[in-house]
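Participant: What follows is a predicted protein model with its sequence.
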Number of protein chains: 2
Amino acid sequence: MTDTPATPRRRGAARTEELLRVTLDLAAEVGYAGLSIEAVARRAGVGKHTIYRRWPSMAALLLDALSRVWASDLDYRDTGDVRADLREQFLRSGLALSSPPIGPVYRAVIAEAQADSTLRATLHERFLVTVEQSTLDRITRAQSTGELVAEADLEFAAEVLCGTLYYRSLLSTRPIDESAVDGLLDMFMAAYGTSTRTRST
Amino acid sequence: MTDTPATPRRRGAARTEELLRVTLDLAAEVGYAGLSIEAVARRAGVGKHTIYRRWPSMAALLLDALSRVWASDLDYRDTGDVRADLREQFLRSGLALSSPPIGPVYRAVIAEAQADSTLRATLHERFLVTVEQSTLDRITRAQSTGELVAEADLEFAAEVLCGTLYYRSLLSTRPIDESAVDGLLDMFMAAYGTSTRTRST
DNA sequence: CTCGATCGGCACGATCCGTGCCGATAGGTG
DNA sequence: CACCTATCGGCACGGATCGTGCCGATCGAG
């Protein structure tokens, strides 16, 4: 009652950090299969209560664990060349999404979210929307500098760009390689770029 | 021994059909949560062996169940107006993906696939690639009639189109409504359409 | 009619869930 | 320094599902 609702209690903060780290380690080693609250508790040498006191479900724990490692990969550069900046970020994100620990944890969250619409909303708002917004910011700057046409619906373009990457890395079996990113950017720049438009006829 | 290896045995074929139907009914009623082999067996009044004899896992059963109801929604019309044909099909697919029984079953397959790369490959090859191919066929025809520019990489465009729809219906919480489809098609036609190109400057 | 394959039903050990209770301990309080 | 309270690790429980094994019943082919 006396503490703020967000901050953990006494010596719990260190345990919380450790539990998140153990969760990521476990995900990197055994993948989504074998990721369970019991497994995390065993691995950490911890009673299950210690986990349930912090997170209401495995999904909540996974979301927090994902937050620790995902945000760091989310910063577009701004070199003045929007295509090059998007390309670099997409390749970096694609690699992160397909490598441990982000890949397995992200898959685990996706899987849990299919059975829980509340979690799906949280996932969407806390990660997907954030990524889209970051992309939207970058291409909006490009629009203001004249790299992209003024009448483009960039909000939807950001969703198409990010959605295609997520589709390829989480649902498809194809890798997010250079040809994929280049193909995606070809379409995006053909639609909304202002320079070197290749017109037929 | 006397029958072909693919066709089920004696009176099993009828049971197989019934089990697929029960699975779809169950998915429509209780959603992904509560979809289990035990539940299907209980609902069908069947021993679990009868299910395990036909499918090695819940995921395999779900894939077969999905095949029964998904293929029917997969035929692009060809009215000569590629944008209108894509629009109609995308709206139809979007509705199907978010309604029972296809929605819950698709979600269940997605969830299972996150923990099983073999299943993920099967899902990709049996459904995602099929949908992309169907889309690619339609836009390839449009390219040959001059509705789309000749140098467009349509194979990748088909993935972007389908991927965005899957992203929105399965990962995002936004609906696949008319504005979403129109936004997607705006970008696609802006990139590769040959008529009524709006140029800035 | 005979016989073998499939059937429904039941039970098992295993795993994980979420919860409850225990005694131990660590940390802030006086 | 001693106390006290919240958190700790550990254990156990009932419930659910998994995948498997065994039973006797039943159906269909020969």
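Facilitator: Perfect, thanks for sending it.
Participant: only C-alpha atoms for contact and neighbour calcs from this point on.
Facilitator: Will do.
Participant: Rank the helices and strands of chain A by mean pLDDT and give me the bottom one.
Facilitator: When the helices and strands of chain A are scored by mean pLDDT, DSSP states H and E, helix A:12-30 comes last with a mean of 87.
Participant: Would you state the helices of chain A in chain order?
Facilitator: Along chain A, the stretches classed as helices by DSSP state H are A:12-30, A:37-44, A:48-52, A:58-70, A:82-97, A:102-114, A:117-123, A:129-144, A:154-166, A:178-192.
Participant: Pull out the CA atoms of the fourth one and give them to me as CSV.
Facilitator: It refers to helix A:58-70. Extracted in CSV, the C-alpha atoms of helix A:58-70 (Å, rounded to 0.1, in the frame of the first residue of the first chain):
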residue,chain,number,x,y,z
MET,A,58,3.3,-17.0,-18.9
ALA,A,59,2.3,-14.6,-21.6
ALA,A,60,2.8,-11.6,-19.4
LEU,A,61,6.2,-12.8,-18.4
LEU,A,62,7.1,-13.4,-22.0
LEU,A,63,6.0,-9.8,-22.9
ASP,A,64,8.2,-8.4,-20.3
ALA,A,65,11.1,-10.5,-21.3
LEU,A,66,10.6,-9.5,-24.9
SER,A,67,10.6,-5.8,-23.9
ARG,A,68,14.1,-6.2,-22.4
VAL,A,69,15.7,-7.2,-25.7
TRP,A,70,13.4,-5.8,-28.4
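Participant: Next, the angle from it to helix A:102-114.
Facilitator: Here helix A:58-70 runs at an angle of 150 degrees relative to helix A:102-114 (axes from the mean of the first three to the mean of the last three C-alpha atoms, to 10 degrees).
Participant: for helix A:58-70, packing partners?
Facilitator: Helices and strands touching helix A:58-70, by 3 or more C-alpha pairs under 8 Å, 6 or more residues apart in numbering or on different chains; DSSP states H and E, are helix A:12-30, helix A:102-114.
Participant: Same question for the longest one.
Facilitator: Secondary-structure packing of helix A:12-30 (3+ C-alpha pairs under 8 Å, 6+ apart): helix A:37-44, helix A:58-70, helix A:102-114.
Participant: Ramachandran angles for residue A:54?
Facilitator: Taking degrees, to the nearest 10, you get phi -100, psi -40 for the backbone angles of residue A:54.
Participant: what about stretch A:71-85, start to end distance?
Facilitator: Stretch A:71-85 stretches 17 Å from its first residue to its last (C-alpha to C-alpha, to the nearest Å).
Participant: no, scratch that, I was asking about stretch A:149-160
Facilitator: 17 Å.
Participant: Buried ones in that stretch, by neighbour count?
Facilitator: Using 16 or more other C-alpha atoms under 10 Å in any protein chain shown as the test for burial, stretch A:149-160 gives A:149-150, A:152, A:154-160.
Participant: same check, this time on stretch A:32-50
Facilitator: Across stretch A:32-50, burial judged by 16+ other C-alpha under 10 Å covers A:32, A:35-37, A:40-41, A:44.
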